[in-house]
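1. how would this look folded up:
(one chain, ligands or ions: 1)
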Amino acid sequence: MPKPGELEMVAPKRQKPPLHWSDLTVDERKEKVVELGLPAFRADQISRQFFGRLSNDPQSWTDIPAELRPAVQAQLFPELLTSVKALDCDGGTTVKQVWKLFDGAMVESVLMRYTDRVTMCISSQAGCGMNCPFCATGQNGLTRNLSTAEIVEQILVGARALANDEIAGGVGRVNNIVFMGMGEPMANYKNVIAAIRRFTDDAPAGIGLSARGITLSTVGLVPRIYDLAKEGIPVTLAVSLHCPDDELRDTLVPINNRFKINEVLDACWNYADVTGRRVSIEYALIKDINDQAWRAELLGKLLQGNLVHVNLIPLNPTPGSIWTASRPEDERAFLRILHEHGVAATVRDTRGREIDGACGQLAASV
Ligand code: SF4
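-> Presented below is the predicted three-dimensional model:
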């Protein structure tokens, strides 16, 4: 087993992102406002403004003395994300953003509005160290982990845009959060868990979203899957399996050289047992690589009888890559075989394709 801390991706030493309100726990917020000369109860009022009313302009917070607002803004609400590029499609109901962080690192987030919900896909790292060969993000390696506040802010920007009627379809709110943008969330475990707590903490401490609306995606960092089961926040666990046999998965998902498929699935079934939550298995269908009928049979056998749902994802090819999406008939056959094994499976909707929808593709093109 790896030693504690060994799985955290260690980026080169560099300046830390500026401290922000969203980085802080409720107690730490109280300490900070006291340091600024405010009584501790002001922390609650600030959280009501920031998380409750979605206001990010301390100058307009009339419950804070006017002379202290500049210090509150400068020390606790630094600007974290600068929009570099925003693209929309689907009549403005899909909006993809590329953000520049304080040190010039780039990440991206996507807002997708459906008839009954709004889902946001966010990044947990700038770049990614997992090196999956079919993925745009993986090609450039890891730049750094995002801070808790940099993760949270991606959601708050979307929530503000929805509240202010800036997204096609009228005023709305974020219902679902998926950690499927840039990065391997489990390799930035501490900050990702803190961000999830900001999302699920009741207002005014956080934004009060149900943990059931949050999906944490991983390539299979086994010890972290066991850790997640102990957190008491029953998010949906999504595991990017992409292959039912170790020989191919060692190449497709290089972390498989460290954690084999049976170990990953054991951790998944433990997660399902502890939380009662169905585990999502993500499977990008890649033409003639992992989409053969015999692999569908093998996957069906591995998964049958468990609390699981398979998302088949038509691969969004990275420009210049040899990997491409499966033929429609192979995709249909794969789905049918899983169903024949009694495994729940669907083909994922691929929103945002025309705007470089694969993770990291847009940021990589900027
Ligand atoms: S597929 Fe996910 S884990 Fe693999 S390199 Fe890309 S972002 Fe990282």
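
2. what residues are up against the residue in the chain that the ligand sits nearest to?
-> Closest to the ligand within the chain is residue 138: 2.6 Å, counting by CB to the nearest ligand atom. For the C-beta atoms, the positions are set from N, CA and C on the backbone; glycine is no exception. By CB atoms under 8 Å, 6 or more residues apart in numbering, the contact set of residue 138 is 128, 130-132, 360.

3. next, it: secondary structure please.
-> helix (DSSP: H, G, I helix; E, B strand; the rest coil).

4. quick one, what contacts the residue lying closest to it once chain neighbours are set aside?
-> Using CB to CB, 6 or more residues apart in numbering and skipping the chain neighbours, the partner closest in space to residue 138 is residue 132 (4.5 Å). For residue 132, the contacting residues are 138, 219, 252-254, by CB under 8 Å, 6+ apart.

5. for residue 132, phi and psi?
-> phi -70, psi 130 (degrees, to the nearest 10).

6. how much space between it and residue 284?
-> 9 Å (CB to CB, to the nearest Å).

7. where along the stretch 51-200 of the chain do the helices fall?
-> 69-76, 148-163, 189-200 (DSSP state H, counting those that start in this stretch).

8. which two among the contacts of residue 132 are spaced furthest apart?
-> 138 and 252 (10.8 Å; CB to CB).

9. correct me, but residue 88 touches residue 110?
-> No: using CB atoms under 8 Å, residue 88 is not in contact with residue 110, being 10.1 Å away.

10. more neighbours, the two?
-> residue 110 (25 against 16; other CB atoms under 10 Å).

11. for this protein, what lies in contact range of the ligand?
-> 128, 130-132, 135, 137-138, 182-184, 219, 359 (CB under 6 Å from any ligand atom).

12. make TSV out of those and add pLDDT.
-> Below are the residues of the chain next to the ligand laid out as TSV (pLDDT from 0 to 100):
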residue	pLDDT
128	93
130	92
131	90
132	87
135	80
137	80
138	81
182	93
183	94
184	95
219	95
359	48
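
13. dump the residue contacts of the spatially most central residue of the chain.
-> Central residue of the chain (CA atoms, centre = their mean): residue 179, 1.2 Å from the mean position. If you count contacts by CB under 8 Å, 6+ apart, residue 179 has them with 121-122, 124, 185, 192, 214-217.

14. again, but for residue 276
-> 234, 307.

15. give me the pLDDT for it.
-> Model confidence at residue 276, expressed as pLDDT, equals 96.

16. one more: the one 4 residues further on?
-> Per-residue confidence (pLDDT) for residue 280: 96.

17. what's the local residue count around it?
-> Residue 280: 23 neighbours (other CB under 10 Å).

18. next: residue 116.
-> Neighbours of residue 116 (other CB under 10 Å): 6.

19. tell me the secondary structure at residue 312.
-> strand.

20. any idea how far residue 266 lies from residue 343?
-> 17 Å.

21. now residue 59
-> 55 Å.

22. who has more neighbours out of those two?
-> residue 343 (22 against 12).

23. angles on the backbone of the closest residue to the more buried one other than its chain neighbours, please.
-> Closest residue to residue 343 apart from its sequence neighbours, by CB to CB, 6+ apart: residue 303 at 4.9 Å. Dihedral pair for residue 303: phi -100, psi -20, per degrees, to the nearest 10.

24. next one: residue 325
-> Taking degrees, to the nearest 10 as the convention, residue 325 sits at phi -70, psi 150.
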